[in-house]
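Asker: Sharing a model that was predicted from the sequence below.
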Amino acid sequence: MEARTLKVLFVCVRNAARSQMAEAWLNHLQPDLAQAKSAGFEPGILDPNTVQVMKEVGIDISNSPTKGVLDLFSRGERFDRVIGVSDQSADERCPFFPGLTERLFWSFPNPAHFEGTEEEKLDQTRALRDDIKAHIEKWAAEEKKRQAAVATHAQTQAQAEAKTQEAEAKA
């Protein structure tokens, strides 16, 4: 039994930084596992520091438009996983999508609230980028284990069913 590609939506407030990074990381690191999209409750303008720090690791998100979560919802898009990547109060605003099997929440700071010099803000955004990447890698490893367990269970069931049918045919 071959695992299908999951559809994953990352949601934050403006779709300007955190969800954009998560979408880019998942699509970059695990294209066979999942197809990621991102959206915000109130789509804003893509954060230039986010664009810069992603470019530093070879991922260009400069042409990625910000998108509204309600636009995806109203178009009837379906997702296997919806992952909130902002604070808890924003996560509570996330709509339920038809066919949704799982909602997750990963709390990340909002880069719009980073303080300090421009270089300090960039350093904070780099740390956020790396934290999001680590979450993606951990989630992907867990998801692969889950899919392997489901596949093993399905194979075991199919074998047991085949043995039962074989025994019934001999009887």
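Answerer: Perfect, I can see it now.

Asker: can you give me how far the longest helix along the chain is from the chain middle?
Answerer: Longest helix in the chain, counting residues (DSSP state H): helix 118-170. From the chain centre to the centre of helix 118-170 is a distance of 13 Å (Cα atoms, centre = their mean, to the nearest Å).

Asker: Run through this structure and note the low-pLDDT ranges.
Answerer: 1-3, 88-101, 153-154, 158, 171 (pLDDT under 70).

Asker: cutoff 90 now
Answerer: Along the chain, segments meeting pLDDT under 90 span 1-4, 13, 41-42, 69-70, 72-79, 86-104, 146-171.

Asker: elements contacting the longest helix of the chain?
Answerer: Contact analysis of helix 118-170 by 3 or more Cβ pairs under 8 Å, 6 or more residues apart in numbering; DSSP states H and E lists helix 18-29, helix 48-56 as its packing neighbours. (C-beta placed from N, C-alpha, C; glycine too.)

Asker: one more time with 10 Å
Answerer: When contacts are defined as 3 or more Cβ pairs under 10 Å, 6 or more residues apart in numbering; DSSP states H and E, helix 118-170 sits against strand 6-12, helix 18-29, strand 34-40, helix 48-56, strand 81-84, strand 102-105.

Asker: Dump those to a markdown table, plus mean neighbour count.
Answerer: A markdown table is the format used below for the helices and strands packed on helix 118-170 (neighbours: other Cβ atoms under 10 Å):
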| stretch | mean neighbour count |
| --- | --- |
| strand 6-12 | 25 |
| helix 18-29 | 24 |
| strand 34-40 | 23 |
| helix 48-56 | 18 |
| strand 81-84 | 24 |
| strand 102-105 | 14 |
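
Asker: Just put these in TSV and tack on distance to V150.
Answerer: TSV is the format used below for the helices and strands packed on helix 118-170 (distance: least, Cβ to Cβ, whole Å):
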stretch	distance to V150
strand 6-12	12
helix 18-29	20
strand 34-40	15
helix 48-56	33
strand 81-84	15
strand 102-105	13
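
Asker: So which of these is nearest P111?
Answerer: Proximity of the helices and strands packed on helix 118-170 to P111 was assessed by Cβ to Cβ; the nearest stretch is helix 48-56, lying at 6.3 Å.

Asker: After the closest one, which helix or strand is next?
Answerer: The C-terminal neighbour of helix 48-56 among helices and strands, as given by DSSP states H and E, is helix 69-74.

Asker: Kindly format the C-alpha coordinates of that next one as CSV.
Answerer: Extracted C-alpha coordinates of helix 69-74, given in CSV (Å, rounded to 0.1, in the frame of the first residue of the first chain):
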residue,chain,number,x,y,z
VAL,A,69,-7.7,31.2,4.7
LEU,A,70,-11.4,32.0,4.0
ASP,A,71,-10.7,32.1,0.3
LEU,A,72,-9.4,28.6,0.4
PHE,A,73,-12.3,27.5,2.5
SER,A,74,-14.9,29.1,0.2
